[in-house]
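Asks: Generate coordinates for the sequence data below:
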Amino acid sequence: MPRAPRIQYENAVYHVMARGDRHELIFLDDEDRWTFLRTLAGACRRTGWEVFAWVLMNNHYHLAFRTPQANLVEGMTWLQNTYTRRFNVRHGLWGHLFGGRYKAIPVEAETAVGSRRRCDYLTTLIDYIHLNPARAGLVDGRDRSLLDYPWSSLSQAYAKPPAKRAKWMVTAEGLDLCGESDTAKGRRRLVERLDRWASEEESERAGLVHFEEQSLQSALRRGWYWGSQGFRESLLERFGASAKARRNRDDRSSPMLKDHALADAERIVAEACEHFGIDEAVLRSRSRGDHMKAAVAWAIWCRTTQSQDWIAGRLNLRSRANVSQTVRRFEATVERDLPDKVREWKKTKVVD
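Replies: Okay, here's the model as predicted:
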């Protein structure tokens, strides 16, 4: 089916994420990471982008930035093509580096510096990006600080004074959104807050925030925007067919995509039964509060586009409200409190 058009407008804020082809590495060493940052700097010079946050993982990256001009596609095309070319030249490779189309989600944002107005959607996204190394297990918050991970804007911008930051970072604005001043004390408080979440095994906290029944993780994986219902309606009103096409695509309205989603969900059920050593009848008979049953509901919700009504019927959870509550409780459960088999299952299904 045809691709949904990108939503572009002046001063739009986006969360952008791209993965390596077949989930392969896009950074083989630190020189590749520096190359990507130099390439990002070049993209910002060409487009005027203003970056709130970034993190480089092994096989993917996250960015949060504003486009003063409506040039998301122009800039992303240059960024990814240029980095791919530089990566291939350096390593003697050829062909695609990134898998499929990058994800770009419009984000609701209030960004007036000094106003102390906070937009919880953008603030949560900035925290989510900076907590990625903790969620991925690259930083153990009980023993180390998130500053020990050098490949994020937390260590490269938010912890540094203005003179030592990249010009394309709008760190002062990001600090203001997070309720902190751009002073040594304010920067230290921000890092301490994030470290506290990680050390208290709350490193997924920013991904579990719900506003108006919308989860950040769900929005980033399945949605087409991150914001309030008012923000959604403004996009639909402003961009008409373009926004509706994206909405319909991400709401999975086509029969073809529904068939794929059904197959994916059924495969998760079969994999779970094999992993836990039970049959489907036993799985369905488990109580709503059972960790095993909750893990399967959570995996289907996070990894497919099946509705909560479908999950309720398939797993005998009775109602969509029960599914929503079950998934939220499972997400909020500290991993050390989960049975070993359930913890192992969750690790195989986590997607940043």
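Asks: low pLDDT regions in the stretch 101-250 of the chain?
Replies: 110-119, 141-142, 200-215, 218, 240-250 (pLDDT under 70).
Asks: what about the strands in it?
Replies: 103-106, 210-211, 214-215 (DSSP state E, counting those that start in this stretch).
Asks: just checking, Ile7 touches Phe239?
Replies: Yes - Ile7 lies in contact with Phe239 (CB atoms under 8 Å); the separation is 5.6 Å. C-betas here are computed from N, CA, C, even on glycine.
Asks: What pLDDT is listed against the residue of the chain positioned farthest from its centre?
Replies: Ranked by distance from the centre of the chain (CA atoms, centre = their mean), the top residue is Ala281, with 34.4 Å. Per-residue pLDDT puts Ala281 at 91.
Asks: Tell me which helix or strand it sits in.
Replies: helix 280-285 (DSSP states H and E).
Asks: what's that helix packed up against?
Replies: helix 255-276, helix 291-303 (3 or more CB pairs under 8 Å, 6 or more residues apart in numbering; DSSP states H and E).
Asks: In that helix, which residues are buried?
Replies: Leu283 (16 or more other CB atoms under 10 Å).
Asks: Report the contact partners of the residue nearest the centre of the chain.
Replies: Ranked by distance to the mean C-alpha position of the chain (CA atoms, centre = their mean), the top residue is Leu220 at 4.8 Å. Leu220 sits next to 15, 17, 103, 105, 128, 226 when contact means CB atoms under 8 Å, 6 or more residues apart in numbering.
Asks: quick one: which of Ile7 and Phe239 has more around it?
Replies: Ile7 (21 against 18; other CB atoms under 10 Å).
Asks: I'd assumed that one was in a strand, is it?
Replies: No - assigned with DSSP: H, G, I helix; E, B strand; the rest coil, Ile7 falls outside any strand and is coil.
Asks: Which phi and psi values does it adopt?
Replies: phi -90, psi 120 (degrees, to the nearest 10).
Asks: returning to that earlier point: pick the most buried one from the helices and strands packed on helix 280-285.
Replies: helix 291-303 (a mean of 23; mean count of other CB atoms under 10 Å).
Asks: what separates Ala18 from Leu177, distance-wise?
Replies: Ala18 sits 24 Å away from Leu177, taking CB to CB, to the nearest Å as the criterion.
Asks: and the two? which has more neighbours close in?
Replies: Counted by other CB under 10 Å, Ala18 and Leu177 do not tie: Leu177 has more neighbours, with 26 against 22.
Asks: Setting aside sequence-adjacent positions, which residue approaches the more buried one most closely?
Replies: Thr123 (4.9 Å; CB to CB, 6 or more residues apart in numbering).
Asks: same deal with Glu10?
Replies: Glu10 sits nearest to Ala70 (CB to CB, 6+ apart), 5.4 Å away.
Asks: helix, strand or coil for that neighbour?
Replies: coil.
Asks: I'd say it and Tyr14 touch.
Replies: No - in this structure Ala70 lies outside contact range of Tyr14 using CB under 8 Å: 11.5 Å.
Asks: Look at those two and report which has more neighbours.
Replies: Set Ala70 next to Tyr14 and count neighbours by other CB under 10 Å: Tyr14 wins out with 26 against 14.
Asks: dump the residue contacts of that one.
Replies: 63-67, 72, 104-107.
Asks: Mind putting the residues you listed into JSON lines with distance to Gln306 and neighbour count?
Replies: Output for the contacts of Tyr14, formatted as JSON lines (distance: CB to CB, whole Å; neighbours: other CB atoms under 10 Å):
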{"residue": "Leu63", "distance to Gln306": "29", "neighbour count": "24"}
{"residue": "Ala64", "distance to Gln306": "29", "neighbour count": "26"}
{"residue": "Phe65", "distance to Gln306": "32", "neighbour count": "25"}
{"residue": "Arg66", "distance to Gln306": "34", "neighbour count": "20"}
{"residue": "Thr67", "distance to Gln306": "33", "neighbour count": "22"}
{"residue": "Leu72", "distance to Gln306": "30", "neighbour count": "22"}
{"residue": "Ala104", "distance to Gln306": "24", "neighbour count": "20"}
{"residue": "Ile105", "distance to Gln306": "21", "neighbour count": "22"}
{"residue": "Pro106", "distance to Gln306": "25", "neighbour count": "25"}
{"residue": "Val107", "distance to Gln306": "26", "neighbour count": "24"}
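Asks: Go through the residues you listed and name the one nearest Arg314.
Replies: Using CB to CB, Ile105 is the member of these that sits closest to Arg314, with 28.0 Å.
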